[in-house]
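Q: 3D model of this:
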Amino acid sequence: MANDFRLREWVIQPSLNSVSRNGASVHLEPKVMKVLVCLANRAGETLPKEELLKTVWPDTFVTDDGLVRAISELRRVFEDDVREPRFIQTIPKRGYRLVAPVEHLAAGAGVESALQISPPGMAPAGNERRRRSRNVLLAATLLLLAGLTAGLMIHQRFSRAAYPAIHSLAVLPLQNLSSDASQEYFSDGLTDGLITDLAQIGSIRVISRTSSMQYKGARKSLPEIARELGVDGIVEGTVQRSGDRVRISAQLIYGPGDKHLWANTYERDARDVFALEREVTEEIARQVQARLGTANGAAISRPLPVAPKALDLYLQGRYYVTRGERGLNDQEKEKAADYFQQAIAIEPNFVPAYLGLAEAYNLRVQGSKEDVTIRKRAAEKALSLDPNSSQALTELANIRWNDFDWRGAEQEYRQAVEIGPSDAEAHDELGGVLAATGRLDEALREAQVAQQLDPNGDHLAEILRLKGDDDGAIALLRDEASRHPEDAVTHFALYRSYAHKGSYKEAADELADMMRLIGRPHFEKSLRDAYTASGFPGTMREFAKELEGVLAAKQGFFPENLAVANTALGNNDRAFYWLEQAYEHRDVASHDNGLTYLKVEPLLAPLHSDPRFANLLRRIGLPP
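A: Okay, the predicted model is just below:
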């Protein structure tokens, strides 16, 4: 279609790259105009994205970003509503369709002719009868238009009212479009940052990173993902980095119906990448009509520019600290800490790097007092730079909890969930400290919130076990094990629930499975052999022996596990020895619960009548 044409009230002139309405014209980029012409040539049909890309950019490799940007520009010019399109409709997973009627205009008709504008002061020819007929026709037309307008307003009101509101969001892993595959850490880091920013929206629920990142590379439909995560809205997009320029394309989709709601492309210098994230967050907040801000109304600090080199170092640190969480060696966390320190050296006020540094020094296998000091200083520095950081508050609350400052930890966790209502970790940790102090019903409520925010994790089984609901805990853990069969922690939790229930064969099997999954097959065999030879007591003796060997080799510190094993064997004196070890070395984080759940741990219940138990509770600041 080379000639001019009309779309509703707009006149399109492809030769001039111009669209006009009421005498005012807008100039389009040539490629944007070509997209419009392609759609008009096949009005009413769905044009696949691939066909549009091949037609408009025949000799250039262009990703979907260029097409999305062109469609967004056309919608902006035509004032089109993506939810109720009058011009361009998105067909999810397929392409786009022009839904406005196309009216061909005669060659050379021009804008004025197309709009049928009469010269000023010249009345149309005709006699009185024609004028009366025209007036009657005009009156009838006005009545018809009034009826149509009223009907349209009613339709829009009802269709908008019927349109489902967005109360919850999940951000799927942003796709790396950079030619360098090693930039995967960059797209993952931006996904993490976008989730963190969106989690500060007080009026919607945002799914945690741990659940969202499990869909990286997943071949599932959006309605399926929305159902699994229990969300209305899904944000997906791409990241493309070229030198020091970063482009993010994002779109908001109503997940259950796979209906496109909004899309946009943003491009910035890499040093402004956090401002770019905030811009995307604010636009999404506007689209879902949510309020971007903390629950208590405090203003969210604006992100500062960051040097590209510091950004790279930080994102590489995030990559290694995430890997370090999966193993029982400190090498990955040491690499992460080094990257974060380098980033801080370049940008001394870089809050995310301080938070990463605190995380990298948490729960090291060969931990020390110095680790706690570094964690605390890093978290305090982050909080001084950003008083509205729920992550910094959570980290400081964790340190208070380790120091048995129960009230201080609870207060800081509550501050964290007030600032970050979608911070699953903060809700989970608050539930933990409530459970530790014996408030198990309150703890369960926080765990339920954390579970909603992180549906692919497990936040409920431990609280149910502490409440004595072993069957409920086992059911949840069995489901978790079926979804994540290689997760050793789940099998360890099953061992404890089965042991308390008295299902000793199952408990021994789960403990052996845990040893296999952490790469200790000889321990697995010795535990199975011990059960065969002397039942569950044999398993506990062998388990205690092996843990003491691990401790002697300085490969971990497991005092609470040793106390539980000796309690099961009736060796109360040895059990108290290990509990005292946990107390004496409380400044070095243990790799089990330590004295965290001393008051409520069911497997330590046989010790409750011993005066030493009440004495230990008092020393850690809890009433007997």
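Q: what's the next secondary structure element after the helix or strand of the chain with the lowest mean pLDDT?
A: Within the chain, no helix or strand scores below helix 128-162, which has a mean of 40 by mean pLDDT, DSSP states H and E. Proceeding C-terminally, helix 128-162 gives way to strand 168-171 as the next helix or strand, assigned by DSSP states H and E.
Q: Break the chain down into its domains, please.
A: Described in terms of automatic domain parsing, the domain architecture of the chain consists of the residue ranges 5-115, 168-292.
Q: Adding mean pLDDT and mean neighbour count, write those out as JSON lines.
A: Any C-beta I mention is one placed from the backbone N, CA and C, and that applies to glycine too. Formatted as JSON lines, the entries for the domains of the chain read as follows, by pLDDT from 0 to 100; neighbours: other CB atoms under 10 Å:
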{"stretch": "domain 5-115", "mean pLDDT": "80", "mean neighbour count": "16"}
{"stretch": "domain 168-292", "mean pLDDT": "84", "mean neighbour count": "20"}
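Q: could the ones you listed go into CSV alongside distance to A358?
A: As requested, those are exported to CSV (distance: least, CB to CB, whole Å):
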stretch, distance to A358
domain 5-115, 36
domain 168-292, 15
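Q: Out of these, the one nearest L357 is which?
A: domain 168-292 (15.3 Å; CB to CB).
Q: Give me the distance from the closest one to the chain's centre.
A: In terms of CA atoms, centre = their mean, to the nearest Å, the centre of domain 168-292 is found 8 Å from the chain centre.
Q: Between the domains of the chain, which one is closest to D479.
A: When the domains of the chain are ranked by proximity to D479 (CB to CB), domain 168-292 comes first, at 12.9 Å.
Q: Give me the helices and strands touching the host helix or strand of A447, please.
A: Under the criterion DSSP H and E, the helix or strand holding A447 is helix 440-453. In this structure, helix 440-453 packs against strand 205-206, helix 424-436, helix 461-466, with contacts taken as 3 or more CB pairs under 8 Å, 6 or more residues apart in numbering; DSSP states H and E.
Q: any idea which of those is most buried?
A: Burial of the helices and strands packed on helix 440-453 is given as mean neighbour count (mean count of other CB atoms under 10 Å); helix 424-436 ranks first at a mean of 26.
Q: Show me what that helix is packed against.
A: Packing partners of helix 424-436 (3+ CB pairs under 8 Å, 6+ apart): helix 390-402, helix 406-419, helix 440-453, helix 461-466.
Q: Any chance of those helices in TSV with distance to I248 and mean pLDDT as columns?
A: Supplementary listing: the helices and strands packed on helix 424-436 in TSV, determined by distance: least, CB to CB, whole Å; pLDDT from 0 to 100:
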stretch	distance to I248	mean pLDDT
helix 390-402	22	92
helix 406-419	25	94
helix 440-453	24	95
helix 461-466	37	96
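Q: isn't I253 right next to T90, touching?
A: No - the pair I253 and T90 fails to qualify as a contact (CB atoms under 8 Å) at a distance of 9.4 Å.
Q: Can you check which residues contact both of these two?
A: Listed contacts common to I253 and T90 are H260; contacts here mean CB atoms under 8 Å, 6 or more residues apart in numbering.
Q: re the thing from before, so which of the domains of the chain gets nearest A336?
A: Checking those against A336 by CB to CB gives domain 168-292 as the closest, at 11.4 Å.
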